[in-house]
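Student: here is my input; please provide its structure:
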Amino acid sequence: MKDSVTAFDPAARTVHTAGGGTVRYDVLVVAAGLQLDWHKVKGLAGHVGRDGICSNYSFETVDSTWKAIRSFTGGDAVFTQPSTPIKCGGAPQKIMYLADDAFRRQGVRDRSRIHFWSGTASIFAVEKYATALKGVLARKGITDTHFRSDLVEVRPASREAVFRNLDTAQEFVQRYDMLHVTPPMSAPDFIKSSPLAGPAGWVEVDQFTCRHVRHPDVFALGDCANLPTSKTGAAIRKQAPVVAANVLATLRGTEPAERYDGYTSCPLVTGYGSLILAEFDYSGKPAETFPFDQSKERWSMYQLKRHVLPRLYWSGMLKGRA
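Tutor: Below you'll find the predicted structure:
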């Protein structure tokens with residue numbers, strides 16, 4: 001059956017679909033991803049891809065980013081990151097670093113000002129990699145950084161972006177010639193309104209077993225779950241075998257024993273030919289794969305990201321081989 005889920009009834013062990021169907025389950029695995037909440041930024045709808053506004057965060061708008069960077073002739077280039085959880089937490093700054101390199105190649109960096117406005121508390125949550133990224137910012141001359149500030153409004157006619165400080169509620173107006181928007185994100189609406197949702201709207205599961213805290217025959221993984229780690233493909237790759245083993249245990253009538261330690265990975269592209277490979281767990285402790293300091297920018301890790309990880313994803317992860 002190919003249909004979309006619209007509602008859950010965990011008491012009856014059923015899901016309801018858009019086509020009017022009802023599907024019963026013994027064990028349910030929820031892996032519904034997340035949704036992009038463009039509408040939560042006033043004035044943004046209908047302007048992504050024009051008026052100097054671009055975004056990598058959807059298939060329909062991703063091409064607008066390269067067009068905006070390629071046509072940029074100088075001025076204020078603004079990059080945003082919301083305070084909400086997002087897929088690929090490093091992406092908002094990765095595109096900024098690549099834009100910096102592109103501006104240099106185009107000969108316009110000396111008349112460009114790069115601004116980073118983020119709703120997070122710092123450039124990165126893990127101190128080891130945050131220290132390295134602060135060095136990247138300094139090397140690139142990106143000094144106009146603002147944290148704990150969310151994009152709340154865009155004024156395309158005057159090319160102004162309005163940010164609200166999350167601690168003081170004070171609003172700031174930032175002029176832009178180019179604006180790369182990372183939209184707020186949340187659990188899909190059909191999950192937020194369901195009995196499976198926790199206080200923040202995500203599927204509420206135990207962070208180690210991925211089993212629902214109230215409904216023992218329900219599991220969740222990936223972006224829709226409330227797991228307190230970065231929402232990345234690398235995280236899902238480690239969650240999937242844990243969920244599979246614990247689902248089988250549940251079907252056998254035994255307690256789930258496999259545990260997920262929060263491992264995730266953020267390949268942080270810092271420019272053309274350089275990358276910091278951040279890997280860490282729930283505790284924020286680095287969980288690195290290679291026998292060297294992965295917080296250093298490396299050409300080899302850039303090649304890993306460029307050539308190896310796509311093959312791992314398309315030929316390994318999606319086919320259940322890795």
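Student: Leu34 against Asp223, yeah?
Tutor: Yes: the pair Leu34 / Asp223 is scored as a contact, 4.3 Å apart, by Cβ atoms under 8 Å. Glycine gets a C-beta too; all of them are placed from N, C-alpha and C.
Student: what's the overlap in contacts for those two?
Tutor: Lys87, Lys231 (Cβ atoms under 8 Å, 6 or more residues apart in numbering).
Student: so those two - more neighbours on which side?
Tutor: Asp223 (24 against 21; other Cβ atoms under 10 Å).
Student: check what pLDDT the residue lying closest to Lys238 once chain neighbours are set aside gets.
Tutor: Nearest residue to Lys238 in three dimensions, chain neighbours excluded: Tyr263, at 4.7 Å (Cβ to Cβ, 6 or more residues apart in numbering). Listed pLDDT for Tyr263 reads 98.
Student: so Tyr263 makes contact with Ala234?
Tutor: Yes: the criterion here is Cβ under 8 Å, and Tyr263 meets it with Ala234 at 7.3 Å.
Student: which residues do the two both contact?
Tutor: Each of Glu279 lies in contact with both Tyr263 and Ala234 under the rule Cβ under 8 Å, 6+ apart.
Student: quick one, what contacts the residue nearest in space to the middle of the chain?
Tutor: Per Cα atoms, centre = their mean, the C-alpha nearest to the average position across the chain is that of Lys87, at 1.8 Å. Residues counted as contacts of Lys87 (Cβ under 8 Å, 6+ apart) are Gly33, Leu34, Met185, Asp223, Lys231, Thr232.
Student: in the sheet, who's paired with it?
Tutor: Beta bridges link Lys87 to Lys231, judged by DSSP bridges.
Student: output stretch 205-212 in CSV, but only the C-alpha positions, please.
Tutor: Coordinates of the C-alpha atoms in stretch 205-212 are reproduced here as CSV (Å, rounded to 0.1, in the frame of the first residue of the first chain):
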residue,chain,number,x,y,z
VAL,A,205,10.8,8.0,22.8
ASP,A,206,13.5,6.7,25.2
GLN,A,207,16.7,8.2,23.9
PHE,A,208,18.6,4.9,24.3
THR,A,209,16.1,2.2,23.0
CYS,A,210,14.1,4.5,20.7
ARG,A,211,11.0,3.0,22.2
HIS,A,212,8.0,5.2,22.9
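Student: list of residues touching stretch 104-120?
Tutor: Stretch 104-120 is contacted by residues 70, 72-84, 92-93, 96, 99-100, 103, 137, 140-142, 144-151, 161, 163, 166, 174, 176 when judged by Cβ under 8 Å, 6+ apart.
Student: hey, where'd the helices end up in the protein?
Tutor: Secondary structure of the chain (DSSP state H): helices at 62-70, 91-106, 127-140, 189-192, 233-252, 299-303, 309-311.
Student: most tightly surrounded among these?
Tutor: Using mean count of other Cβ atoms under 10 Å, the stretch among the helices of the chain with the largest mean neighbour count is helix 91-106, at a mean of 20.
Student: ok now that one, how far from the chain's centre?
Tutor: 18 Å (Cα atoms, centre = their mean, to the nearest Å).
Student: tell me the pLDDT of Met317.
Tutor: 89.
Student: residues contacting it?
Tutor: By Cβ under 8 Å, 6+ apart, the neighbours of Met317 are Gly233, Ile236, Arg237.
Student: repeat that for 7 Å
Tutor: Taking Cβ atoms under 7 Å, 6 or more residues apart in numbering, we find Met317 in contact with Gly233, Arg237.
Student: how far away is Tyr57 from Arg159?
Tutor: 20 Å (Cβ to Cβ, to the nearest Å).
Student: neighbour-wise, which of those two wins?
Tutor: Tyr57 (23 against 19).
Student: that one contacts Pro183, correct?
Tutor: Yes: with contacts counted by Cβ atoms under 7 Å, Tyr57 reaches Pro183, the gap being 6.0 Å.
Student: quick check: neighbours shared by these two?
Tutor: Taking Cβ under 7 Å, 6+ apart as the contact rule, Tyr57 and Pro183 both touch Leu36.
Student: show me what Val15 bridges to in the sheet.
Tutor: Phe8, Val23.
Student: what about it, how many residues nearby?
Tutor: Val15: 21 surrounding residues under other Cβ under 10 Å.
Student: ok, now Asp37?
Tutor: Counted with other Cβ under 10 Å, residues neighbouring Asp37 total 14.
Student: surely it meets Pro183?
Tutor: Yes: under the criterion of Cβ under 7 Å, Asp37 makes contact with Pro183 at 5.9 Å.
Student: any idea how far stretch 120-138 is from the chain center?
Tutor: Worked out by Cα atoms, centre = their mean, stretch 120-138 lies 17 Å from the chain centre.
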